[in-house]
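In: Pasting the sequence and the predicted coordinates here, then a few questions.
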Amino acid sequence: MESGKKGWSRRDVLKNTGLISAAGAVAPAWSVALAAPVKGASAASGASMAGQILTKDQVPFTDGNFQDNLYTRIGVRPLINCRGTITAISGSTSLPEVKQAMYNASLYHVRLDEMMEALGAEFAKLSGAEWGVATTGTAAATCLATVACIAGTDVEKSQALPYIKKKDQVVIPKTSRNPYDIGVRMCGVELVEFSSPEELREKISERTAMMYILANPKWDDTPMSTKNLAAIAKEHGVPVFVDAAATELDLPNPHIEAGADLVAYSGGKNMRGPQSSGLLIGKKDLCKAAYFQGAPHHNYGRAMKISKEEAMGLLAAVRAWRKRDHEAEQKMWMGWAQSIADRMQGLPSVKATAYPATQKGSIDRSPGVRISWDANVVGITGTEMAKLLDEGTPRIVLGGTGTRPDHMESSVNINVYIMTPAEIKIVADTIYQHLKNPPRFENPVVPSGAPASVAGTWAVTIHYLRGTGEQQFVLKQDGNAVTGDQHGEIYNTTMSGAVHANEIALTSVLPVTGYPLTCHFTGKVDGNRMSGTVTLAEYGTAEWEAVRG
């Protein structure tokens, strides 16, 4: 693509999808920057990219630049992702061959049943399982797997879901509870927790449809290993499902070898396929039942439609996964991480450490960098750094710790494996400059004066964007310190905080199973009334008011 163009010409599109011979053509810069090292290439090919910094004209964007592109034209600021394959910041970066496969797939019509039958056989060859299904992410794969274990391909049972079902329980290790088990809960079944093999035996019954296990190698050598739990489940004819979303698609598959009947992976994380894709592999009859329960069939999973473009893009990603040189990738990423750490040398109190990927089977196996410092010396905390980078140009998103004035030991973490060499340099230089010459930050002003009285029982109303919630706070006060109990509509917990003059701040953690919800209440006290804003982590903010009884 010529420098300065806003997008691809028709010829560029046709050439890059194979409709015009690419013989003798030079690969576009974006494909070089986004490609992964391939097995059989020279040993230095992957690691050498650690020092490769693309020029401005080679940054892998085909629609302008960070300041002018299809997102900025609708008021959205793109970002450099230093946090990893998190869905909220659009996950991974798909491989060039995935992009091409998705475009090519869009040029034709097919019968989805025929396509999925062929894909099932292809996924089987590539994964070592009996069969495979393309889904719209791991959560969808979890739902379809659950329904397959409940109703199989029985048309009547399928049509009666979710209200009528004989098997209405799924057993799950307590340590496997997580926000993504919503894929099970949305099927209208009860999740039955257990904490030991003996308890599992007690809780399996004729109502048990499936066992759900969240992949985690830390349990492999314990009584709670998948192998041990799967053996117990098989004694009762209960299928075993393993959620391996952000782990690697190893061959042979460790979960199937341990006795799993179904295993789900994200296609849009380290496989770098379509972001909204997932791969379900395992027993052929169960995989086919899972597909039967989803689109285009009018069953419970009808809403979880995967397009032909996403399905064929996922196939391209799985094929690429088998060809990628994963050892060279790890060396390349570690080199990138080290280059960021090296850039921080010479800064007072700053320590930068590149760390290798976690053990096989762990989530998001990526090298990274931890940069830590004393904000009293440097003048900026980790949270201030994260906010500064998020608001800057180009926009950079990472995690930071440290708040003034009480927690000045600060850090930021950078996850490198879905970045490009150009982004590595941008991030390293930007952080270095902000650590060397940070803007001036002031400690928050603490209101002076006697603390308002807040002890007592308060009727609390939370005004959400749509709907209201009624809660109760029972507060105790010792000077500025405030403690108490929060009685929500469903969940109960304790809370703590402080009141300075008429300003109050309280924090609580609602015990939502698998995903505790932190609530930060801030506001002002006016006699027997309080009001303010509550911050609810990823769920945004809401207004609240309270009246003391």
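Out: Sure, I can see it.

In: what domains does the record give for this structure?
Out: 100-323, 456-548 (automatic domain parsing).

In: Figure out how far the last one is from the centre of its chain.
Out: So that's domain 456-548. Averaging C-alpha positions (C-alpha atoms, centre = their mean, to the nearest Å) puts domain 456-548 28 Å from its chain's average.

In: for the domains of the chain, which one ends up most surrounded?
Out: Scoring the domains of the chain by mean neighbour count under mean count of other C-beta atoms under 10 Å gives domain 100-323 as the most buried, with a mean of 20. Every residue, glycine included, has its C-beta placed from N, CA and C.

In: what's the offset of that domain from the middle of its chain?
Out: In terms of C-alpha atoms, centre = their mean, the centre of domain 100-323 is set 18 Å apart from its chain centre.

In: Endpoint to endpoint, it covers what distance?
Out: The first and last residues of domain 100-323 sit 17 Å apart, counting by C-alpha to C-alpha, to the nearest Å.

In: Likewise for stretch 488-497?
Out: 18 Å.

In: Show me the beta-bridge partners of V547.
Out: A459, R529 (DSSP bridges).

In: how close does it get to S496?
Out: Computed as C-beta to C-beta, to the nearest Å, the V547 to S496 distance reads 21 Å.

In: can you give me the helices in the stretch 201-350 of the chain?
Out: 226-235, 254-257, 284-292, 308-323, 326-343 (DSSP state H, counting those that start in this stretch).

In: what about dumping the CA coordinates of the shortest one to PDB?
Out: What follows is the C-alpha trace of helix 254-257 in PDB, where atoms were taken according to Å, rounded to 0.1, in the frame of the first residue of the first chain:
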ATOM      1  CA  PRO A 254      -3.900 -32.800  28.100                       C
ATOM      2  CA  HIS A 255      -7.500 -32.400  29.100                       C
ATOM      3  CA  ILE A 256      -8.800 -35.100  26.800                       C
ATOM      4  CA  GLU A 257      -5.900 -37.300  28.000                       C
END
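
In: what does it contact?
Out: G128, A129, A215, T226, V242, A244, V263, I281, G282, G361 (C-beta atoms under 8 Å, 6 or more residues apart in numbering).

In: quick revisit: can you redo the helices of the stretch 201-350 of the chain as CSV with mean pLDDT and distance to G183?
Out: CSV is the format used below for these (pLDDT from 0 to 100; distance: least, C-beta to C-beta, whole Å):
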stretch, mean pLDDT, distance to G183
helix 226-235, 98, 18
helix 254-257, 97, 17
helix 284-292, 98, 12
helix 308-323, 98, 18
helix 326-343, 96, 28
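
In: Need these in TSV (columns: distance to S205).
Out: Formatted as TSV, the helices of the stretch 201-350 of the chain follow (distance: least, C-beta to C-beta, whole Å):
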stretch	distance to S205
helix 226-235	12
helix 254-257	24
helix 284-292	20
helix 308-323	36
helix 326-343	42
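
In: so which of those helices comes closest to G120?
Out: helix 284-292 (6.5 Å; C-beta to C-beta).

In: Please name every helix or strand in contact with that closest one.
Out: helix 112-127, strand 131-135, helix 138-151, strand 262-266, strand 278-282 (3 or more C-beta pairs under 8 Å, 6 or more residues apart in numbering; DSSP states H and E).

In: Need the residues that contact stretch 516-531.
Out: In contact with stretch 516-531 (C-beta under 8 Å, 6+ apart) are residues 452-454, 458, 486, 491, 495, 497, 499, 502-510, 532-537, 539, 543-548.

In: no, scratch that, I was asking about stretch 172-187
Out: Residues outside stretch 172-187 that contact it (C-beta under 8 Å, 6+ apart) are 138-143, 145-147, 150, 161-162, 170, 191-195, 210-214, 216, 219, 224, 229, 243, 245, 300, 513-515.

In: Please apply the same query to stretch 142-153.
Out: By C-beta under 8 Å, 6+ apart, the surrounding residues in contact with stretch 142-153 are 133, 135, 157-158, 161, 165, 167-168, 170, 180-181, 183-184, 186-187, 189, 209-210, 212, 239, 241, 243, 262, 264, 280, 285-294, 299-301, 304.
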